[in-house]
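Asker: My questions concern the predicted model and sequence given below.
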Amino acid sequence: MGLPPTGIFGGTFNPVHVGHVRAAIEVAEALGLGAVEFVPAARPPHKCGGPLLDFALRLRLCRLAVAGIPGFSVNAMEAERPGPSYTCETLAALAGVRPGEDFCFIMGMGDLLHLGQWKEGFGLGRQAHLAVHAREGLGLAAFTAFLAANGPAMDATPTSDPAVWSLPGGRRLTFVPIARLDVSASDIRERWRQQKRIHGLVSEAVLRELKNHADALEAGWGRPESEA
Ligand code: ATP
């Protein structure tokens, strides 16, 4: 038997929060992934106009968020390519530099529903295993409905387990039910702008680093409301 796949968790991480960390841990444990790499998008194709912290700070926050979690690390590779950070290109680059290694791309249900808008999104299952976790109340029913409509376009075929679909090359597309944590980066940014506390939504180390970069936050997310 080969080594278990390495989880690749892509995202904007603007900022990374406890929802990201718990989701990645639960998916890794459910699927027996060998390791998980958080891969922050240098230039997110879908959020280009949004209030974005600079890549170096988002990267540092990710490193602080996963520090001490066995098998977890952060991969800065998307900064090395010019242009938008397309997942299909990241997976192709990984396959190029780490031949023979299996990867499992991790995404929330919301991302699966928008996969048709990603560059070669329906082809991702030809590059890596795919793990889709529940998000914001979207669970197995939404997963099943999406695959019933889009399975053929993704070359995905059902198995006897409704949470598992077969992909080309012996890969699998798996739905992972995880404990729901209603935390989002946009909510954190909004709370920060309103000068509310974000304790508990991000780790203490991430919070400390955010506080150390109040200027960068103001430039990236906008002014706290009382000063606007
Ligand atoms: P924003 O609110 O700015 O849209 P976000 O919090 O959704 O950001 P992203 O960086 O866009 O964070 O998400 C990266 C990945 O993490 C996506 O696959 C997303 O579905 C997942 N994710 C984000 N928040 C959670 C959460 N609370 N629970 C589970 N998965 C999450």
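Answerer: Yep, it's here.

Asker: going forward, measure contacts and count neighbours with C-alpha atoms only.
Answerer: Will do.

Asker: which is the next helix or strand following the lengthiest helix in the chain?
Answerer: Assignment by DSSP state H gives helix 18-31 as the longest helix of the chain. Next in sequence after helix 18-31, counting helices and strands by DSSP states H and E, comes strand 35-40.

Asker: tell me the mean pLDDT for the next helix or strand after that next one?
Answerer: Note on strand 35-40: by DSSP H and E, the next helix or strand toward the C-terminus is helix 55-66. Averaging pLDDT along helix 55-66 gives 97.

Asker: who does the helix or strand that comes right after helix 55-66 pair up with?
Answerer: Remark: after helix 55-66, the chain's next helix or strand is strand 72-74, criterion DSSP H and E. Sheet pairing of strand 72-74 (DSSP bridges) gives strand 35-40 (parallel).

Asker: Could you check the angle the strand it pairs with makes with helix 18-31?
Answerer: If you take axes from the mean of the first three to the mean of the last three C-alpha atoms, to 10 degrees, strand 35-40 sits at 150 degrees to helix 18-31.

Asker: touching the ligand at all, strand 35-40?
Answerer: No - residues of strand 35-40 are not located near the ligand by C-alpha under 6 Å from any ligand atom, the shortest gap being 7.7 Å.

Asker: Contacts for that strand next, please.
Answerer: Residues from elsewhere that reach strand 35-40, judged by C-alpha atoms under 8 Å, 6 or more residues apart in numbering: 5-13, 24, 28, 55, 58-59, 62, 71-78.

Asker: With only the CA atoms kept, save it in CSV.
Answerer: Coordinates of each C-alpha in strand 35-40 appear next as CSV, following Å, rounded to 0.1, in the frame of the first residue of the first chain:
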residue,chain,number,x,y,z
ALA,A,35,0.0,15.5,6.4
VAL,A,36,-1.9,18.8,5.6
GLU,A,37,-0.4,21.8,3.9
PHE,A,38,-2.2,25.1,4.1
VAL,A,39,-1.7,26.9,0.7
PRO,A,40,-2.6,30.6,0.9
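
Asker: Now do it against helix 55-66, angle only.
Answerer: Using the same axes, to 10 degrees: strand 35-40 against helix 55-66 is 150 degrees.

Asker: If anything else comes up later, I'll come back, but that's it for now.
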